[in-house]
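*Asks:* No letters, just coordinates:
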């Protein structure tokens, strides 16, 4: 009889452990807040002598820092020295292009003139 009770307890324990594991796996994973950031800045060609394209000097971002952002895709019609823009960006884990100085490689997701 004691053996039967211990086997039943073991079965219940295993069942509850599996049930708890299934519930934890169904929790949705959300993107971190820092994945896409809304910011504002000024287009600059300060590294163009070194072979770098336009960079964005970002002065308004959630961390309240001044950042030099290096867009990996061309800015097209927004590639004008001193143009103030508002944009979303995502940081990239790639090497900085040669000649661009200190900056953060980014992917510009949405861009508009301020």
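*Replies:* That came through fine. What you are looking at is a predicted structure, and each value in this text was computed from that prediction instead of being measured.
*Asks:* burial count for residue 91?
*Replies:* When neighbours are counted by other Cβ atoms under 10 Å, residue 91 registers 15. Glycine gets a C-beta too; all of them are placed from N, C-alpha and C.
*Asks:* For it, give me the pLDDT.
*Replies:* Residue 91 is assigned 90 on the pLDDT scale.
*Asks:* And residue 109, by the same measure?
*Replies:* Value for residue 109, per-residue pLDDT: 87.
*Asks:* Other residues contacting whichever strand or helix holds it?
*Replies:* In this structure, residue 109 sits in strand 104-113 according to DSSP states H and E. Outside strand 104-113, the residues that touch it by Cβ atoms under 8 Å, 6 or more residues apart in numbering are 36, 67-73, 75, 78, 83-92, 94-97.
*Asks:* How about residue 114: what's its closest non-neighbour residue?
*Replies:* For residue 114, ignoring the flanking residues on the chain, the nearest one in space by Cβ to Cβ, 6 or more residues apart in numbering is residue 84 at 4.1 Å.
*Asks:* all strands of the protein, in order?
*Replies:* 37-44, 55-60, 67-71, 84-91, 104-113 (DSSP state E).
*Asks:* So for residue 5, which of these sits nearest?
*Replies:* Between residue 5 and the strands of the chain, the tightest spacing by Cβ to Cβ is seen for strand 84-91, at 57.6 Å.
*Asks:* helices and strands around that closest one, which ones?
*Replies:* In terms of contacts (3 or more Cβ pairs under 8 Å, 6 or more residues apart in numbering; DSSP states H and E), strand 84-91 is packed against strand 37-44, strand 104-113.
*Asks:* Quick one: work out the angle between the first one and strand 67-71.
*Replies:* This means strand 37-44. Angle, strand 37-44 to strand 67-71, by axes from the mean of the first three to the mean of the last three Cα atoms, to 10 degrees: 80 degrees.
*Asks:* who does strand 37-44 touch, helix- and strand-wise?
*Replies:* strand 55-60, strand 67-71, strand 84-91.
*Asks:* Neighbouring strands - and their directions - for the last one?
*Replies:* Looking at strand 84-91 with DSSP bridges, its partner strands are strand 37-44 (antiparallel), strand 104-113 (antiparallel).
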